[in-house]
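Student: Dropping the sequence and predicted coords here.
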Amino acid sequence: MGVLKSSAPSPLSNLICAAALALVSAVAIWFVQAEGTALFYGDAAAHLNIARRLFDGRNPGYEQVGTVWLPLPHLLMMPFARVDGWWHNGLAGAIPSGLAWVAAGTFLFALLRRISGINGAVAGTAVFALQPNLLYLQATPMTEPLFLAGAIGMLLFSTRAAARHSALDAMLAGVCGVVTTLTRYDGWFLLPFVALYLLAAGGKKTSFAFCAVAGLGPGYWLAHNWIMYSDPLEFYRGVGSAKDIQKGLPYPGAHNWWAALRQFSVATKAVLGWPLLAISFAGFIWARAGWPIFFCLLAPIYYVVNLHGGDSPIYVPEVYPFSHYNSRYALAALPLCAVLTAALASRWPRLRFVLPLLALSWFLWHPMVVKDEGKRNSESRRAWTGEVAELLKREYQAGTGIWMPFGNLTAVLQEAGIPIVETIHQGDKLEFDRNAARPDLFLDTAWVIAQQGDPASKAMHRTSGYACVKLIALQYEPVIEVWRRVSP
């Protein structure tokens, strides 16, 4: 799996690329902020709220890191989430996401300059930078841009480490590996392949250097879950995990390899578009960089395996069940398309500007599926969030307290401008659990917000002194209950 060195890297060209990407990122963030769509994804709001509760709450601190979702995105968002306005509008999550996207694009440019020359680097990076669905995600508190920064950085430095037999480059690849493994679980799948490649192409020292650094990510997270939750695999099989959410429910692709491949392929076409896929197929004929192509194939393979495993469905409107869910996973194929586009532009330099425009033409007639998914799936959630937030804005008095489960309900606080410290949630385990067990003895907040059937809802239905002042039942959404104390 050798790599053809087409052009020496240029620090100046990398800086120019980074500056151009930073400008594009800033414009996209401004546009999304003007639209008010940064928090359409429930996951986006949840990531930002976890970052906020690290310092804003009755029991702030490390224990609020939680499990299931990996911690690095929340730690990077935390300093920006201290600004109330940025927490409310999502900008606190967009800033680190945008910076990560700039880093991913710059790493990609440096890689493509090395393997496909300047013409290939321009074309491949433009395909990456002009992808509308990814441009939207990098303007929100989502994790895909940070993962791509780590993954592409790992590919770049592992390529350099193999070419130079450099332990330092291998360690830099390991640092990028830590970023990927503490951002998304996809990154865990990548590490063994990078280690084996370095062992074969760079020698034992480079492979050991990579493993010594990259292994810190999974090792830390297993230890965290073991110490905090008494189960090193709590993130995999505990409450709130993908396995727990799906609970074995059937969906297209589960335990069927052909259906899993078809589901991911249709999603990839919908998210990236036929023109880019056709360009990539043509580029494959001219591609000579074996390791980058193999590495970029790993993330799509991961998602097909994940679909088959029965834990992570992908839905797009074109195929059953004709709805929207996790379409953004198809962006895993974008780095592969960028590498293959660069190979084609390297062979036909006059096409270096034409190819990105041709790829972009798909979106003249087709929607941005990822953004459209966030909008459609959040309509009901945004409706009840707005209703409850307006009620609290009018009637909540600071210091009287709210008991509520953490999760989607926390978006109410974002919109109403109420600090998390005013609430008791699952992160305040002792207080939350005793309220759920004996509300008649311990519950002393003026307000309770619950989803019908959750611990807070069940407790309210067996205690007195509270009246349900708002009940919201919307299609495809849980019933929202708002309770208020009516007796001392």
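Tutor: That came in fine, so what should we check first? Source: prediction; values computed, not measured. Numbering: from 1, shown residues only.

Student: what about the strand or helix carrying V339, distance to the chain center?
Tutor: Using DSSP states H and E, V339 sits in helix 334-347. Centroid displacement of helix 334-347 relative to its chain, using Cα atoms, centre = their mean, to the nearest Å, is 24 Å.

Student: before we move on, what about stretch 25-45?
Tutor: Taking mean C-alpha positions (Cα atoms, centre = their mean), stretch 25-45 and its chain are 14 Å apart.

Student: Which positions in that stretch come out as buried?
Tutor: 25, 28-29, 32-33, 37-45 (16 or more other Cβ atoms under 10 Å). Where you see a C-beta, it was placed from the backbone N, CA and C, and this is true even at glycine.

Student: Which of these sits closest to A201?
Tutor: S25 (33.5 Å; Cβ to Cβ).

Student: what's around the closest residue to W257 other than its chain neighbours, how many residues?
Tutor: Nearest residue to W257 in three dimensions, chain neighbours excluded: H308, at 5.7 Å (Cβ to Cβ, 6 or more residues apart in numbering). By other Cβ atoms under 10 Å, 20 other residues sit near H308.

Student: And M154, how close does it get to F128?
Tutor: The gap separating M154 from F128 is 16 Å, by Cβ to Cβ, to the nearest Å.

Student: One more: A287?
Tutor: From A287 to F128 the distance is 16 Å (Cβ to Cβ).

Student: Please identify which of these two sits among more neighbours.
Tutor: Set A287 next to F128 and count neighbours by other Cβ under 10 Å: F128 wins out with 27 against 23.

Student: ok, the residue nearest the centre of the chain - contacts?
Tutor: The chain has T143 as the residue nearest its centroid, 2.4 Å off, counting by Cα atoms, centre = their mean. Shown in contact with T143 (Cβ atoms under 8 Å, 6 or more residues apart in numbering): 47, 70, 73, 183-184.

Student: ok, now with 7 Å
Tutor: Neighbouring residues of T143 by Cβ atoms under 7 Å, 6 or more residues apart in numbering: 47, 73, 183-184.

Student: that older thread, contacting residues for the residue nearest to W257?
Tutor: 253-257, 260.

Student: go on, I424?
Tutor: 58, 401, 403, 431-432, 435, 445.

Student: now the contacts of H308 in CSV, with pLDDT, neighbour count and secondary structure?
Tutor: Shown next, in CSV, are these (pLDDT from 0 to 100; neighbours: other Cβ atoms under 10 Å; DSSP: H, G, I helix; E, B strand; the rest coil):
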residue, pLDDT, neighbour count, secondary structure
G253, 85, 24, coil
A254, 87, 19, coil
H255, 88, 11, coil
N256, 91, 15, coil
W257, 93, 12, helix
A260, 93, 22, helix
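
Student: Spatially, which two of the residues you listed are the most separated?
Tutor: The most widely separated members of the contacts of H308 are A254 and W257, with 10.6 Å between them, by Cβ to Cβ.

Student: Confirm for me that V65 is in contact with P71.
Tutor: Yes: in terms of Cβ atoms under 7 Å, V65 counts as a neighbour of P71; the distance is 4.9 Å.

Student: with the contacts of H308 in mind, which one is nearest to L344?
Tutor: Looking across the contacts of H308 and measuring by Cβ to Cβ, the closest to L344 is A260, at 28.6 Å.

Student: one step back: out of the contacts of T143, which are inside strands?
Tutor: Members of these lying in strands (criterion: DSSP state E): none.

Student: Tell me which of these fall in helices.
Tutor: 47, 73 (DSSP state H).

Student: With respect to V239, which of the contacts of T143 is nearest?
Tutor: H47 (18.1 Å).

Student: got any ranges where the stretch 151-300 of the chain has weak pLDDT?
Tutor: 248 (pLDDT under 70).

Student: got the residue ranges for the helices in it?
Tutor: With DSSP state H, counting those that start in this stretch as the criterion, the stretch 151-300 of the chain has helices at 167-181, 186-201, 204-214, 216-229, 234-237, 242-246, 257-272, 274-286, 290-309.

Student: so which strand or helix has the closest residue to A289 other than its chain neighbours?
Tutor: Nearest in space to A289, with sequence neighbours left out and distances taken as Cβ to Cβ, 6+ apart, is I115 at 4.2 Å. Using DSSP H and E, I115 sits within helix 91-129.

Student: can you give me the angle that helix makes with helix 167-181?
Tutor: 120 degrees (axes from the mean of the first three to the mean of the last three Cα atoms, to 10 degrees).

Student: Remind me what helix 91-129 packs against, helices and strands.
Tutor: Applying 3 or more Cβ pairs under 7 Å, 6 or more residues apart in numbering; DSSP states H and E, one finds that helix 91-129 contacts helix 11-35, helix 42-53, helix 72-81, helix 144-164, helix 334-347, helix 354-360.

Student: Distance from the chain centre to the very next helix or strand once past the shortest one, please.
Tutor: By that I understand helix 354-360. Downstream of helix 354-360, the next assigned helix or strand under DSSP H and E is helix 369-395. Relative to the mean C-alpha coordinate of its chain, helix 369-395 is positioned 20 Å out (Cα atoms, centre = their mean).

Student: list the buried ones in helix 369-395?
Tutor: Neighbour-count burial for helix 369-395 [16+ other Cβ under 10 Å]: 369-375, 377-378, 381-382, 384-385, 387-389, 391-392.

Student: now do stretch 77-89
Tutor: For stretch 77-89, by 16+ other Cβ under 10 Å, it's 77-78, 80-81, 86-89.

Student: The residue nearest to L277 when sequence neighbours are not counted: how many residues sit nearby?
Tutor: Spatial nearest neighbour of L277, chain neighbours left out: K269 (6.3 Å); criterion: Cβ to Cβ, 6+ apart. For K269, the count of nearby residues is 19 (other Cβ under 10 Å).

Student: Would you check that K269 makes contact with L276?
Tutor: No: K269 is not in contact with L276 according to Cβ under 7 Å; the separation is 9.4 Å.

Student: what sits in contact with each of those two?
Tutor: With Cβ under 7 Å, 6+ apart, K269 and L276 have no common neighbours.

Student: got a winner among the contacts of I424 for most neighbours?
Tutor: That'd be W403 among the contacts of I424, by other Cβ under 10 Å, with 27 neighbours.

Student: how near is that one to L198?
Tutor: W403 is 52 Å from L198, by Cβ to Cβ.

Student: show me what contacts L413?
Tutor: Neighbouring residues of L413 by Cβ under 7 Å, 6+ apart: 420, 423.

Student: ok, so of the buried residues of stretch 25-45, who is nearest V179?
Tutor: S25 (18.0 Å).

Student: Not including adjacent chain positions, what is the nearest residue to the closest one?
Tutor: S25 sits nearest to G98 (Cβ to Cβ, 6+ apart), 4.2 Å away.

Student: what does L392 give?
Tutor: In space, L392 is closest to A416, 4.4 Å off (Cβ to Cβ, 6+ apart).

Student: tally of neighbours for that neighbour?
Tutor: So A416, with other Cβ under 10 Å, has 20 neighbours.

Student: Report the separation between it and L409.
Tutor: Counting by Cβ to Cβ - A416 and L409 are separated by 11 Å.
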